[in-house]
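Student: this one's structure only:
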C-alpha cells in the first residue's frame, strides 16, 4: 500500500505536506490494485483467470470497495471485519469502541472501570507543569512530556490495539504480546489493592503492550519511532 512500509512515493518527503499526502487515499490505493492485478494477469498469461480480492479491517474495506468500483477486474470480494456499513449510518458510529469496551468488560468490570476513569484523571493532573513532571515519572517517560494528550494517546494505543489483537496465542502482529492479552491486562489491574492510584494501574497494564519482553528502560511518549506507519493511518482516518 502506497505510503506504508517501503512504498514511499516521495521518499523521505512523503509525509512532508498536504501536497504529497494528497496521494495517500483509499481511492488511489484501489487504482494501484487495479493496475497491479491487470498487469499480473498479463505477465502470467492468465488474462482470463477470475480474481477474488480479500482483506481484513481496512483491507476488507478496500476489498469491498474494489469490487464495487472495479467489477470488471474482480468477480468477488471477501471483506472481514470491514466496517463499510458505518458509512451509511447503518451501524452506530460508536460500534468500534463499544466492542473494545466489551472486551475489557467481559474480563472484569473493575478493569473496565479503571480504564474508563483514567482519562479525566490524566487531564486534571496534567493541567500544569508540576503535574506533567510527576506523570512523566509515573509513566517512565524518556523525556518530560509537554502535553497530557501524549499520555492519553499512549494509553489509548495500548488498550485499543490490545483489544484488536486479542488472539488466543502469543503474537507480535503489532507488539510482542502473550495469549489473551486483554485478560492479562485485566489481571494486572485487578491485582492492585483497593484504593491504589488509578493512573498507576492503567500505566502498569498498558506496559504489557509496550514492554511485555521487559527490555524497555523508558518510553518515548512524544516524537518516537513510527514502525507501523500510524502517522499515515492518522492522515487517512
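Tutor: In hand now; what should we look at? Owing to the predicted nature of the structure, the values given are computational and were not obtained by experimental measurement. Numbers count the residues shown, from 1 in each chain.

Student: Tell me the spacing between the nearest residue to residue 139 once chain neighbours are set aside and residue 196.
Tutor: Among residues not flanking residue 139 along the chain, residue 203 sits closest, at 5.5 Å (Cβ to Cβ, 6 or more residues apart in numbering). Where you see a C-beta, it was placed from the backbone N, CA and C, and this is true even at glycine. Distance, residue 203 to residue 196, using Cβ to Cβ, to the nearest Å: 11 Å.

Student: Same check on residue 135?
Tutor: Counting by Cβ to Cβ, the separation of residue 135 from residue 196 is 16 Å.

Student: Which of the two has more residues huddled nearby?
Tutor: residue 135 (22 against 13; other Cβ atoms under 10 Å).

Student: Could I get the average pLDDT for the one helix or strand that one maps to?
Tutor: Taking DSSP states H and E as the definition, residue 135 sits inside helix 129-138. The average pLDDT within helix 129-138 is 94.

Student: Does anything pack onto that helix? Which helices or strands?
Tutor: helix 109-125, helix 148-164, helix 198-211 (3 or more Cβ pairs under 8 Å, 6 or more residues apart in numbering; DSSP states H and E).

Student: picking that back up, the residue nearest to residue 139 is in contact with residue 137, isn't it?
Tutor: No. Contact criterion Cβ atoms under 8 Å: residue 203 and residue 137 do not qualify, at 10.6 Å.

Student: ok, those two, which is more surrounded?
Tutor: Of the pair residue 203 and residue 137, residue 203 is the one with more neighbours under other Cβ under 10 Å, namely 20 against 10.

Student: all strands of the protein, in order?
Tutor: Counting by DSSP state E, one finds strands in the chain at the ranges 52-56, 76-80.

Student: got those as TSV, with mean pLDDT columns?
Tutor: Below are those laid out as TSV (pLDDT from 0 to 100):
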stretch	mean pLDDT
strand 52-56	96
strand 76-80	96
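
Student: Thanks a lot, catch you later.
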